[in-house]
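*Asks:* give me a model of this one.
(chains A and B)
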Amino acid sequence: MIEALFWPALLGYGEAAFAYASVRTARVATWGVRLGWLAQTALLALEAVRADGFPWASWSGSLDLFVWLVVGAYLIWGCRDSFRLLGLAVMPLAAALFVVARVGGGTGAGARPDYPSLFLVLHVGFVLAAFAGFTLAAALAALYLVEESRLKRRSADILRLRLPPLTSLERLTRRTIVWSLPLLTLGLAAGLVRLRQEGRPLDALEAFTLVTWLVYGGFAVLRPTGRHSAYLALAGFALVIVARLALAGSHFG
Amino acid sequence: MSSLALVGLSHHVAPVELRERVTLDLPAAAGLARSLGDAVCLSTCNRTELYVVGEDGGRAAAALTEIAGEPLEGVLYRLHDDAAATHLFRVAAGLDSLVPGEGEILGQVREAYESVQTGPLLDRVFRQALSVGKRVRTETAIGESPASVPSAAAALAAQVFGDLTGRRVLLIGAGRVGELAAANLASRGADIAFVANRSAPAAQALAQRFGGAAIDLAHLEEVLGDVDVVVSSTGAPGTILQAGDVPAARRRPLFFIDIAVPRDLDAAIQTLDGCFLYDIDDLEAVVAETISGRRTEAVRAERLVAEEAARFAAWRASLEVVPAIASLRAHAEQIRRGELAKLGGVSERERRTLDAVTQQILNKLLHLPTVRMKEAAAGADGASYADALRHLFGLDDER
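*Replies:* The predicted structure follows:
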C-alpha cells in the first residue's frame, strides 16, 4: 500500500523531466517536482516508520534518499523561472535514479541492523546530502558551459532563449560546492572513525570517495574561475557517479 | 448610446515629413482634444490620433487637416465604436508600433488620457487600453528582448554579468551608437569609468557626462584590467586593440562590444579565455532574432487584445439595454409605491413590513429578466429585447 506512493512521485518527476523543455510548460514542470517530492517524502517517511532502525543504509535505499535530497536541493536552489534548463538537467537524472533505486529494492532492502542509527544518520545522511549538492553543482556547471559556448559562438538567439547570466551560474556552482564539502567531510570522518574501530582496510568506494573529497577540496582551495571551474565541478561529479553506481557493490556488499 | 470615433494618421501610411507636422506636444494635444469636447489626442512621433465621443469624426479630421496644412485624404483613417476601441487596445499593447511590443507607447497613451477630463465612454476605453497594455507585457514575452543595437549590447552584457550595478565600462570613441550603448549600460547601473577618444576635448566632454575619467587612446592597455565591459565605436581605419593587449591574468570575464566599421577590436580577442566579443554584425543578428521573437509573441498578444475587445463590445452592448432595465425597474417601483399608498388601517410597523416584503418580491421578480437582458445585450439581440420590454410594459426611457 505504502509502495503505491512511488508512482505519483515518479509521475511528478517524469513529467518535470519532459515539461522543463518548453518555457510554456515550465511552471507545470515545477509543480510536478513539488508534488513528486511531496509524494516521495511521504513514501520515505512511511518506510522509515515501518522500518526497524535507519532504513537507507542499503545501496538502493541510499540511492532513494539521494534522489530525494537532489530534488529537495533543486527545489531550494534552482527552482526559478530563469533556471528552467537546470530542471531539464536535474530531473531526468533524478527520475532515472529513482527508478534504478526502485528496481534495486528501494528503501529498507538489505538494511544494516549491525550499525547504530546515529552513525548511519551521520555517515549516510551527510555523504548523500553532499553528493546531492555536488549533483546540483554539476548541473549548474553544465549550464555554465552551454551558456559560455553560446556567447562564444555569438548565437543570435541568445537573448530569446535565455539562460541565467554566466557569473550567476559560476557563483552558484561555487557556493553549492563550498556548502556541500563540509557535509562530505563530516560524513567521511564518521565513516573513517568507524573503519578504525572495526580495523578493516578501505574498500574501493571509500577510497574513491576520498579522491572525490580531494577534488572538491582542491576546488574550494584553488577557487578556479570560468570554464575551468565548470570542468572541475563536472570532474568531481563524474567521480560521484562512479562512486554511487559502479563501486557501490564493494561498500554495500 | 454615445458613439466613439477615431481619426488619425500613423507610420503605416503617413510619411515622416507629414507626421512631424501633425505631431503635438502634450499640452498642445490636450488643448486640441478639449477644443473637440469629449476627446483624447494621442500624439507621438509615429502617430497622431483623435478619439472623440458623440460625433462621426468630421471635426477631428478637419482639425488635423488644418494642423497639417494640406489635405489628408488617403493617409487619414477613421474607425468607429468597437473597431476604434480595438485599435486603441492594439496601440497600447505595442502591436501597432514600428517595433512590435515597443514599451514607450503605453506611457504615452496614459499621458494622453490623463491630460484631459473624459466622459464615461472614453474613460472606460482608455482605462481598458492601459490594462490591455499591461496584460500583454506581463502575459507575453513581447517586450522582454531588446529591439535596437545599443539595448542589445547592454542586454548581452547583462547575460554575462547579471546585475550590471557597479560593473566598470571603458568607452572608446565618441560614436553615436557607442554613446547610446554606454547610456544603456549606465541605465542598468554600470559605471562608465573611462572614456578614450582621439580628440581629448570630446573624450573629456563625454567622460564628464557619464561621470568617468577621460584617458588617452595610447593608454587603453593600462585600464583593461580594471574594467568589465569595453564599448568601442571609433572612426579609426584599423584595429586599435589587439588580443595581445588584453591582460591574461584575469579572474572575471571581459565583454567587448565593437560597433565600429571598420572594426576597432582584434577578432582574436574572442578566442581568449573569459573574453566575449560582439561586433556590429553579431549585434544586428541578435536584434533581428529578438524582433522575430517579438513577432511570434505578437500572435499571442493579438489573442489577448481580441479577448479584451470582446469584453469591451459586451460592455458597450450592455449599455443599450441599461435604459430599458432602469425604466422597467422605475415603472415597477412606481406601481409598488402607488399600491402601498392606497393601504389604509395599517400601523406604521405593518407598513414598514409590507414595504420590505413588496420590495423583496419586486427584486426577485426583476432579477432574472435583468440578467437575461444583459446576457442578450452581450449577443446581437440586445436592441430587440430592449424594444420588446418597452413595448410589453409601455415603457419610456425618459421616464
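*Asks:* and chain A, is stretch B:263-280 touching that?
*Replies:* Yes. Counting by C-beta under 8 Å from any C-beta of the partner chain, chain A has neighbours in stretch B:263-280: B:270, B:273, B:274, B:276, B:278. Heads up, the C-betas are built off the backbone N, CA and C, glycines and all.
*Asks:* which parts of that stretch are buried?
*Replies:* Neighbour-count burial for stretch B:263-280, with 16 or more other C-beta atoms under 10 Å in any protein chain shown as criterion, is recorded at B:263-266, B:269-270, B:272, B:274-280.
*Asks:* host element of residue B:5?
*Replies:* strand B:4-10 (DSSP states H and E).
*Asks:* residue numbers of chain B in contact with chain A?
*Replies:* Proximity of chain B to chain A, by C-beta under 8 Å from any C-beta, involves residues B:141, B:145-146, B:152, B:155-156, B:158-162, B:251-253, B:270, B:273-274, B:276, B:278, B:282, B:285-286, B:288-290, B:293.
*Asks:* and chain B, what are its domains?
*Replies:* As recorded under automatic domain parsing, the domains making up chain B are B:4-139, B:149-288, B:316-393.
*Asks:* for those, which one sits closest to residue A:185?
*Replies:* domain B:149-288 (25.9 Å; C-beta to C-beta).
*Asks:* mean confidence score for that closest one?
*Replies:* What domain B:149-288 shows for mean pLDDT is 91.
*Asks:* off-centre distance for it?
*Replies:* Remark: domain B:149-288 is offset 32 Å from the chain centroid, using C-alpha atoms, centre = their mean, to the nearest Å.
*Asks:* what do you get for stretch B:10-28?
*Replies:* For stretch B:10-28, the separation from the chain centroid amounts to 17 Å (computed by C-alpha atoms, centre = their mean).
*Asks:* try stretch A:126-144
*Replies:* 6 Å.
*Asks:* does it come close to chain B?
*Replies:* No. Stretch A:126-144 is not in contact with chain B by C-beta under 8 Å from any C-beta; minimum separation 11.3 Å.
*Asks:* ok, stretch A:147-161 next?
*Replies:* Yes. Against chain B, stretch A:147-161 shows contacts by C-beta under 8 Å from any C-beta at A:147, A:151, A:152, A:154, A:156, A:157, A:158, A:159, A:160.
*Asks:* list the buried ones in that stretch?
*Replies:* Here stretch A:147-161 shows A:147, A:148, A:150, A:151, A:154, A:155, A:156, A:158, A:159, A:160 as buried, counting by 16+ other C-beta under 10 Å.
*Asks:* repeat that for stretch B:173-188.
*Replies:* Neighbour-count burial for stretch B:173-188 [16+ other C-beta under 10 Å]: B:173-175, B:177-186, B:188.
*Asks:* try stretch B:386-393
*Replies:* B:386, B:389, B:390.
*Asks:* just to revisit the earlier point, and which of the buried residues of stretch B:173-188 is nearest to residue B:115?
*Replies:* Using C-beta to C-beta, residue B:183 is the member of the buried residues of stretch B:173-188 that sits closest to residue B:115, with 28.0 Å.
*Asks:* give me the element the closest one is part of.
*Replies:* Assessed by DSSP H and E, residue B:183 sits inside helix B:176-187.
*Asks:* which residues sit against that helix?
*Replies:* B:148-151, B:153-154, B:157, B:164, B:167, B:169, B:171-172, B:192, B:206, B:210, B:229, B:231-233, B:257, B:259-260 (C-beta atoms under 8 Å, 6 or more residues apart in numbering or on different chains).
*Asks:* what's the closest non-adjacent residue to the closest residue to chain B within chain A?
*Replies:* Relative to chain B, the nearest point of chain A is residue A:165 (3.6 Å; C-beta to the nearest C-beta). Counting by C-beta to C-beta, 6 or more residues apart in numbering or on different chains, residue A:165 lies nearest to residue B:162, which is 3.6 Å off, once chain neighbours are set aside.
*Asks:* my guess is that neighbour contacts residue A:170, does it?
*Replies:* No. Between residue B:162 and residue A:170 there is no contact under C-beta atoms under 8 Å: 10.1 Å.
*Asks:* neighbour count for these two, which is higher?
*Replies:* Shown here are residue B:162 and residue A:170; by other C-beta atoms under 10 Å in any protein chain shown, residue A:170 has more neighbours (24 against 17).
*Asks:* I figured the more buried one hits residue A:225, correct?
*Replies:* Yes. When contacts are counted by C-beta under 8 Å, residue A:170 is listed as touching residue A:225 (6.9 Å).
*Asks:* narrow the contacts of helix B:176-187 to those that are buried.
*Replies:* B:148-151, B:153-154, B:157, B:164, B:167, B:169, B:171-172, B:192, B:206, B:210, B:229, B:231-233, B:257, B:259-260.
*Asks:* so which of those sit within helices?
*Replies:* With helices taken from DSSP state H, the overlap with the buried ones among the contacts of helix B:176-187 comprises B:149, B:150, B:151, B:153, B:154, B:157, B:206, B:210.
*Asks:* which one among the residues you listed gets closest to residue B:374?
*Replies:* Residue B:374 has its nearest neighbour among those in residue B:151, at 46.5 Å by C-beta to C-beta.
*Asks:* what residues are up against that closest one?
*Replies:* residue B:184.
*Asks:* if you skip the residues just before and after it, what's nearest to residue A:101?
*Replies:* Closest to residue A:101 by C-beta to C-beta, 6+ apart is residue A:63, at 3.8 Å.
*Asks:* next one: residue B:11
*Replies:* Closest to residue B:11 by C-beta to C-beta, 6+ apart is residue B:46, at 4.4 Å.
*Asks:* just to check, that neighbour is in contact with residue B:16?
*Replies:* No. Between residue B:46 and residue B:16 there is no contact under C-beta under 8 Å: 9.2 Å.
*Asks:* which parts of chain A sit against chain B?
*Replies:* Counting by C-beta under 8 Å from any C-beta, chain A sits next to chain B at A:23, A:147, A:151-152, A:154, A:156-160, A:162-168, A:225-227.
*Asks:* that older thread, quick check: next helix or strand after the strand holding residue B:5?
*Replies:* Following strand B:4-10 in sequence, per DSSP H and E, is helix B:16-22.
*Asks:* quick one, longest helix in chain A?
*Replies:* If you go by DSSP H, chain A has its longest helix at helix A:166-198.
*Asks:* excluding chain neighbours, what is closest to residue A:188?
*Replies:* Among residues not flanking residue A:188 along the chain, residue A:213 sits closest, at 5.9 Å (C-beta to C-beta, 6+ apart).
*Asks:* on contacts alone, who are the packing partners of the host helix or strand of that neighbour?
*Replies:* Assigned by DSSP H and E, residue A:213 belongs to helix A:204-222. On a contact count with 3 or more C-beta pairs under 8 Å, 6 or more residues apart in numbering or on different chains; DSSP states H and E, helix A:204-222 meets helix A:126-153, helix A:166-198, helix A:226-241, helix A:248-252.
*Asks:* show me what contacts the nearest residue to residue B:285 once chain neighbours are set aside?
*Replies:* Spatial nearest neighbour of residue B:285, excluding adjacent residues (C-beta to C-beta, 6+ apart): residue A:156 at 4.2 Å. Residue A:156 makes contact with B:282, B:285, B:286, B:288, B:289, according to C-beta under 8 Å, 6+ apart.
*Asks:* before we move on, back to that, just the ones of the buried residues of stretch B:263-280 in strands?
*Replies:* Per DSSP state E, strands hold the following members of the buried residues of stretch B:263-280: B:275, B:276, B:277, B:278, B:279.
*Asks:* count of neighbours near the nearest residue in space to residue A:178 that is not next to it in sequence?
*Replies:* Leaving aside its sequence neighbours, residue A:178 sits nearest to residue A:220 (C-beta to C-beta, 6+ apart; 5.6 Å). For residue A:220, the number of neighbouring residues by other C-beta under 10 Å comes to 13.
*Asks:* which residues does residue A:220 contact?
*Replies:* A:177, A:178, A:181.
*Asks:* and the strands in the stretch 251-399 of chain B?
*Replies:* B:254-258, B:275-279 (DSSP state E, counting those that start in this stretch).
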